[in-house]
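Novice: A predicted structure for the sequence below; I have some questions about it.
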Amino acid sequence: MEENKIPVTELHAEISGWKSDIQLVQAEIATFQDQLDEIASKNSHEEVLKGVEHFQNQFTRQLEVSDELMHDLHLAEHGLAEQTANNRDSEHILTPVNADLRDRAETYNNLFADLKNDYRSFLEKWM
């Protein structure tokens, strides 16, 4: 296999996995936002409300990044489809590795894992 190139089918599978990760994050954030609403309705302590606002802002930003990354993943998929459109043997087509997209997906997952851990600590304290 050529250096820095992978089969189109392998890259497509990676992109599909990243899209699934984003959808899971979006679903988790919806649950987290419901929990924040519940916490805010039951506790008016200033520290709690600051935490609620902090996490609401973090979740909003995470959803924005989710949308941006999902858009770019759709574009990458479209590019793969164009690349393979006239070739029936797409398993043997090599495509350049999109290191930027891969790095962004990895960073996205790592940052959400950190946010989720911080949020769990907040929940343990106030729920």
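Specialist: Structure's in. What do you need? Note that the coordinates shown come from a computational prediction; the quantities given were computed from them, not determined experimentally.
Novice: from here on, just use CA atoms for contacts and neighbour counts.
Specialist: Will do.
Novice: next helix or strand past the helix or strand hosting residue 74?
Specialist: Using DSSP states H and E, residue 74 sits within helix 46-84. Counting by DSSP H and E, the next helix or strand C-terminal to helix 46-84 is strand 94-96.
Novice: which residues are contacting that next one?
Specialist: Strand 94-96 has contacts (C-alpha atoms under 8 Å, 6 or more residues apart in numbering) with 2, 4, 5, 6, 7, 8.
Novice: go through the helix holding residue 74 and flag the buried ones.
Specialist: For helix 46-84, a neighbour-count test (16 or more other C-alpha atoms under 10 Å) marks 48-49, 51-52, 55-56, 58-59, 62-63, 66, 69-70, 73, 76-77, 80, 84 as buried.
Novice: how far away is residue 117 from residue 85?
Specialist: 43 Å (C-alpha to C-alpha, to the nearest Å).
Novice: just residue 20 next, same as before
Specialist: Going from residue 20 to residue 85 by C-alpha to C-alpha gives 24 Å.
Novice: and the two? Which one has more around it.
Specialist: More crowded of residue 20 and residue 85, by other C-alpha atoms under 10 Å: residue 20, with 13 against 10.
Novice: grab the nearest non-local neighbour of the most centrally placed residue in the chain.
Specialist: The residue lying closest to the centre of the chain (C-alpha atoms, centre = their mean) is residue 22, at 3.5 Å. What sits nearest to residue 22 in space, not counting adjacent residues and going by C-alpha to C-alpha, 6 or more residues apart in numbering, is residue 66, at 6.1 Å.
Novice: touching, that neighbour and residue 20? I think so.
Specialist: No - taking contacts as C-alpha atoms under 8 Å, residue 66 lies outside contact range of residue 20: 11.1 Å.
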